[in-house]
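Visitor: After the sequence you'll find the predicted model.
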Amino acid sequence: MKPAELKVHLLCLGLKPEVEIDKGRKGGAGPAGGRYLLLPGNLCVNAAFWGKFVESSPFTLVEHRGKIIIRRGNEEISEAKVVPYPEFYKMKTSDGVPMWKVALLHGTDCLATTVLQTCVYWRHGKACKFCGIELSYRAGRTILLKRPKQFREVVDAAVREGVCKHITLTIGTTGSPDRGALILKEIVQEVKSHHDIPIHVQLEPPDDDKFLEELADAGADTIGIHVETFDRKVFKEVCPGKARIDIDRYFEAWRTCIDLFGEYQVSTFVIAGIGENDESILRGAEEVARMGVIPYLVPLRPIIGTPFENRAPPTPERMIKLYRVLAETLKSYGVDPRKNRAGCVRCGACSAITEAYTGFL
C-alpha cells in the first residue's frame, strides 16, 4: 500500500494504539479525536484514535524493536512517527492559563485555535450534527475566549521553539452580523504586530462583505468559508443553523474573498459521508474550482458526543476515487493547493487532496 493510500485509510478508519500514548482531544472544532502521524515520504495524517468507528479498524499502532509500526492484523504495513507534543504545552501565559488550552499544534508546524469556543446554533438546538466545538470546553480542555495577548504569547513561545510556521484561527458562529470576524480581526492584528507569520481565518459568511474586507486589511493571508456540503437538502438536515444562509450566499462570499485574498488563498471544507452522493461533491467542487476556490475534501470524522457519533465514515475506496477525480478538476482550472499560504490546506493532515494533485495517490 502506498503511503498516500494508507493515509486515506487512516483518515477513514482510524487505528487502535497498542502503545502508551495520549490519544488527543475528544471534542473541538474540525476533525478531532486523534494524533498526527508522519508516514514515509513525510506525509502527515490526522489519524483517529477515538470514536466508535475506530473499534472496527483493522489497523493498530504498535512498538516493535524501538520503532512505531502500523499493522493490519499481523502484517506490518508501514513505519510511522508520532508528531510529539511541543514543549510550549508545559508553559503558561502571563495570566496563568496553560498554553495548551489556548492553542494546539496541528500537523507539524501549524498553530491552531478556536478563538471563541461556543456557537450560537448550539444554544438554539441547531448545531451542525458532526460538530464538537463546545465539547472540549465543557470537558475543561480549553478556555471559552482566547484574548489577543494570550494567543500572541503562545505564538511567541511556539516561534521560539520552531514549531509555528503558519496559523489557523477558527471561531464558533456568533449572533452578530459579522459572524465573529471582528473577534478574529483583533487576534490577527495582535499577531501581525509582532510576527510576520501567514494566518488563516475561518468563519461563516458574514451579513456584509465589509467584514471580510476588514479581515484582509488586518493582515489575514488566507480564508476558509466552509459550506460542508453542496447538497442543499443535506445542508438543511445536517447544518440546520448554517442553512439559514442559502448556499448562494457562500458563492457570493467566495467571489469577494478571491478578490481580497487572491488565487489559491480561499478554501471551503467539503465533508464526504454526511448523506450526499458523489455527484453532488464533484459537481459542487467543480463550480468552486472554476472560481478559484480550493474544495478541501475530508471524510466525516464521527466525534463522540455529537449526533453523528455512530455514523460510519466513507470507505477509503470511495475517498480515493473522489480525490483522484477532484485532483483532475483542480488541474483543469489551474487551482494548485500547494500554493496556499496558511491553514488547513497548507497543513494537509486531514485530507489527501494534495497527494492526489501531485500524483502520489
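Guide: That came through fine. Numbering: from 1, shown residues only.
Visitor: any chance you could map the strands in the stretch 151-300 of the chain?
Guide: When assigned using DSSP state E, counting those that start in this stretch, the strands of the stretch 151-300 of the chain occupy the ranges 166-170, 199-202, 222-224, 266-272, 294-299.
Visitor: nope, the stretch 1-150 of the chain is what I meant
Guide: Under DSSP E, counting those that start in this stretch, the stretch 1-150 of the chain gives strands at 16-17, 34-39, 43-48, 59-64, 67-72, 75-82, 104-106, 110-114.
Visitor: a markdown table for these, including distance to Ile294 and mean pLDDT?
Guide: C-beta coordinates here come from the backbone N, C-alpha and C atoms, glycine included. Output for the strands of the stretch 1-150 of the chain, formatted as a markdown table (distance: least, C-beta to C-beta, whole Å; pLDDT from 0 to 100):
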| stretch | distance to Ile294 | mean pLDDT |
| --- | --- | --- |
| strand 16-17 | 32 | 92 |
| strand 34-39 | 21 | 94 |
| strand 43-48 | 18 | 96 |
| strand 59-64 | 29 | 94 |
| strand 67-72 | 29 | 95 |
| strand 75-82 | 27 | 95 |
| strand 104-106 | 17 | 96 |
| strand 110-114 | 16 | 97 |
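Visitor: I'd like the ones you listed written out as JSON lines, with distance to Thr229 and mean neighbour count added.
Guide: Listed next are the strands of the stretch 1-150 of the chain as JSON lines, based on distance: least, C-beta to C-beta, whole Å; neighbours: other C-beta atoms under 10 Å:
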{"stretch": "strand 16-17", "distance to Thr229": "29", "mean neighbour count": "18"}
{"stretch": "strand 34-39", "distance to Thr229": "22", "mean neighbour count": "22"}
{"stretch": "strand 43-48", "distance to Thr229": "20", "mean neighbour count": "26"}
{"stretch": "strand 59-64", "distance to Thr229": "27", "mean neighbour count": "16"}
{"stretch": "strand 67-72", "distance to Thr229": "31", "mean neighbour count": "17"}
{"stretch": "strand 75-82", "distance to Thr229": "31", "mean neighbour count": "16"}
{"stretch": "strand 104-106", "distance to Thr229": "23", "mean neighbour count": "23"}
{"stretch": "strand 110-114", "distance to Thr229": "21", "mean neighbour count": "26"}
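Visitor: how about those strands in TSV, adding distance to Phe88?
Guide: Listed next are these as TSV, based on distance: least, C-beta to C-beta, whole Å:
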stretch	distance to Phe88
strand 16-17	24
strand 34-39	16
strand 43-48	19
strand 59-64	25
strand 67-72	23
strand 75-82	18
strand 104-106	8
strand 110-114	9
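Visitor: of the ones you listed, which approaches Val8 most closely?
Guide: Distance to Val8, taken as C-beta to C-beta, is lowest for strand 43-48 among the strands of the stretch 1-150 of the chain, at 8.7 Å.
Visitor: ok and the closest one relative to strand 110-114, angle-wise?
Guide: Per axes from the mean of the first three to the mean of the last three C-alpha atoms, to 10 degrees, the angle that strand 43-48 makes with strand 110-114 is 30 degrees.
Visitor: in the helix or strand of the chain with the lowest mean pLDDT, what counts as buried?
Guide: In the chain, the helix or strand scored least confidently by mean pLDDT, DSSP states H and E is helix 135-138, which has a mean of 90. For helix 135-138, the neighbour count (16 or more other C-beta atoms under 10 Å) marks 135-137 as buried.
Visitor: How about stretch 85-104?
Guide: Result for stretch 85-104 [16+ other C-beta under 10 Å]: buried residues 86, 88-89, 92-93, 97-104.
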